[in-house]
Structure formats: structure tokens, C-alpha cells
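*Asks:* Turn this into a model:
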Amino acid sequence: MATPLRVLIHGGGIGGLTLATALARRDHTVEVAELRDELDALGVGIIQPSNALHVMREIGVLEDCLAAGFEWEVLTIADPAGNTLAEIPQPRMGDAPSNNGIPRPALARVLNAAATSAGAKIRFGATITELTDDGSGVDVTLSDGSAGRWDLVVGFDGIGSPLRTRLYGDRYAPQYTGFANWRVTVPRQEQVRGVVMGTAGQAAKALLTPITDELMYLGSVFAEAEDFRPDPSSAHEQLKERLPMFSGPVAEALAQVTGPEAVVYSRISQVTVEEPWHVGRVVLAGDAAHASTPHIAQGAAMAVEDALVLAESLDAEADVDAALDMWEARRRPRAMWVQAMSRAVLKQETGGETTPEEDELLKIGIPGAAHVLVQPY
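*Replies:* Numbering: from 1, shown residues only. This next block holds a predicted model:
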């Protein structure tokens, strides 16, 4: 794109800030409208697999991510007592590291600093209230009363995307999978130097993921009723009740959880926007377009890949419409593959009924998926 663009990004999460950095470093004018009053990322930690770390290298923050997190290379499979059953080295994309665990708030700080230092403006407490696309630009009014005209509006506004609803109505509302993720941050045990997956067959799996030298998080997925919510006063006890079959490191981690306040509970839903991800000059990306289950740890990785490829597509094409077509042609097959593989693994791990297509994906397996996803995006 020979002429710098004016781009408004709706949502200041991982994907939105990655795009803001990538575009601002290319001299585009970028603003991020973020509904929250500050980037106080919720949740516990996150795994950055090698393809995500490759993007972090491309936007200039890889070393900051590694310094704030815990780099690791081997996935350990263990029995309920913590005895090692297998050690699986993780592949790399080019010269990017294999994996990095990092607290979500730390990643938010790294990406916020990168976006603002690159020249992007972050407008807090703001969301889109009015939007008119006339084919050559988009007129937008924000909830803080500001208004402007943009060459492109990008919705990185999450699985509950208001922008998706504005574009498509309720056709692509999140679909609850019947499962939910329980997570809690605890002190890191010395032996946890990479993800340790404790498995009790289809009864339960528990992951210990290091995110700093001092911290790790325990995560486990269970079938839960759609209207279930943990008791605010005893969520930690409810989590322990779901993992009685584990001793060893998982039990030691649970013993560190003495109150409910640290427990993070999130229902696992999926979004598949089957129509084009862009309508005129308005485009959806990340979870707003293709939210997946977390079973191959690629949700945030797909978002940051979306962001970098969008910036590259705008570099490569002379007009916005052609760039968006190029971007979606590159991104849709890979994101849909990740979604299908993630859902297949969820079913496999929980005893769900799989389709013939999912059975074919499961022949690849999680180690095979990791090798697929370090191929160029």
C-alpha cells in the first residue's frame, strides 16, 4: 500500500495490539478503541507456541515476552501420580523458540508498550456506537463522543464481538460446547519446566504450565451445564472435587489453593463466521471470526497470525479490498483447521462422539498438529 492508511482497531486484546504495532511500525495511522479503562488482562497465563513467538519476533517484542515469561521445549505426559509416561520435544518455527508461558497481564503490558511506542493511540473506555461504510471509507462515532473517518475498521473484539453482531446480526453467536475451563495460578514447582499433562484417561486431564520462574497455572476442562457457575465462596473446593484422582504435582498444586478468589472459570464456546470475514471496509479477526476450543493452545496464536498477515497483505496490495481478499484467502484455511482439530481433541479427551472427518484429524494427533503449525502461515 503506497499511501498510509487510517485504521481503527476495535478491541485492545492480544490480536488488536499486535495489529496496532505491526501497522504503526509501517507508518499507518492507528487508533485502538478499548472498552476497558485499562489493559488489565483477565485470566491466568497463556502459552505462546512457536508460531506465535515468530509473530512476536516480527513485531519486535520476542525478547520482552521471553523475559516476562518462562521458555520451555518439552511436553511431559504423566500418570495421575505424576510419573512420567512420555516426553515430547516441541517443534520450532524457523529460529523462534518452541514455547513460552507468560502471565496474561504481563503480555498485555508488553504489547501495550510496543503499540504505543510504535505510534498507535489507545482510546480507553470507548466502543463503536455508530458506523457507516460508504465503500471508500468508514465513518465511526465512539461512545466517548469522538468521531472520525477511517480507511479500515478491524474488529479484534473477542468471542462476544459487538462488531460481529453489527455486521451479521445473531447468525454467528458463540456456541457453547458443553465444557468449561478451570484454571488457577499457583507457585511453580521446580520439576515443572515445561507443560506437564497429567492424565487419568477420559476421567480427567490436568495441565501444569509454567509462566514465570515463580509461577505456573493449573488448568483442567470438565463437562458443565450451560447455566453452571462456581460458588464464589467455594470455587477452590469445587475445583478440588473434580480432581480427586490425582496425587503428586497436581495434588501439590491444589493444596496451594486455599481460597476461591484465584480460581478462573470460563465456558468454552466456539464461533465460526461462515460468510466472508470482511464486509466492505470492516473486517473481523481472531476470536470474533473463528474462536476455537483451547485444546491445542492456538487461539491467541491464530489471532496474532491474523494481525501480522493482515499487515503484510496491506503491504502487498494496491487497494484495501484486494488486501482483505488476500488476507482471508491465507487465513481462513489455517484458522478453520485449528478450530476443527481443537474440537476433535476436546471430543477425544472427553469421550465425545467424533465425526469421520474428526477421526482423520485425530490420526495426526497433538504432536503432529504442532509440526503442521510451525509451517509458514
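
*Asks:* lowest confidence element among the helices and strands of this protein?
*Replies:* Within the chain, judged by mean pLDDT, DSSP states H and E, the helix or strand with the poorest mean is helix 356-372; its value is a mean of 94.

*Asks:* Export that helix to CSV, keeping only CA atoms.
*Replies:* Taking Å, rounded to 0.1, in the frame of the first residue of the first chain, the C-alpha atoms of helix 356-372 are listed here in CSV:
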residue,chain,number,x,y,z
PRO,A,356,-15.3,-39.3,10.3
GLU,A,357,-13.6,-36.0,9.5
GLU,A,358,-12.5,-35.6,13.1
ASP,A,359,-11.2,-39.1,13.2
GLU,A,360,-8.9,-38.3,10.3
LEU,A,361,-7.6,-35.2,12.1
LEU,A,362,-7.0,-37.3,15.3
LYS,A,363,-4.7,-39.6,13.3
ILE,A,364,-2.4,-36.6,13.1
GLY,A,365,-2.5,-36.2,16.9
ILE,A,366,-1.4,-33.2,19.0
PRO,A,367,2.3,-33.7,18.3
GLY,A,368,1.5,-33.9,14.6
ALA,A,369,-0.6,-30.7,14.8
ALA,A,370,2.3,-28.9,16.4
HIS,A,371,4.5,-29.8,13.4
VAL,A,372,1.8,-28.6,11.0
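
*Asks:* where's that helix relative to the chain centroid, distance-wise?
*Replies:* What separates the centre of helix 356-372 from the centre of its chain is 20 Å, taken as Cα atoms, centre = their mean, to the nearest Å.

*Asks:* Now it: buried residues?
*Replies:* 358, 361-362, 366, 369-370 (16 or more other Cβ atoms under 10 Å). C-beta coordinates here come from the backbone N, C-alpha and C atoms, glycine included.

*Asks:* What of stretch 228-235?
*Replies:* Applying 16+ other Cβ under 10 Å to stretch 228-235 flags 230, 235 as buried.

*Asks:* Just the mean pLDDT for the helix or strand containing Ala251, thanks.
*Replies:* Ala251 belongs to helix 248-255 when assigned by DSSP states H and E. In this model, helix 248-255 has a mean pLDDT of 97.

*Asks:* Which element is encountered next along the chain beyond it?
*Replies:* strand 264-270.

*Asks:* for that following strand, packing partners?
*Replies:* Secondary-structure packing of strand 264-270 (3 or more Cβ pairs under 8 Å, 6 or more residues apart in numbering; DSSP states H and E): strand 175-187, helix 320-350.
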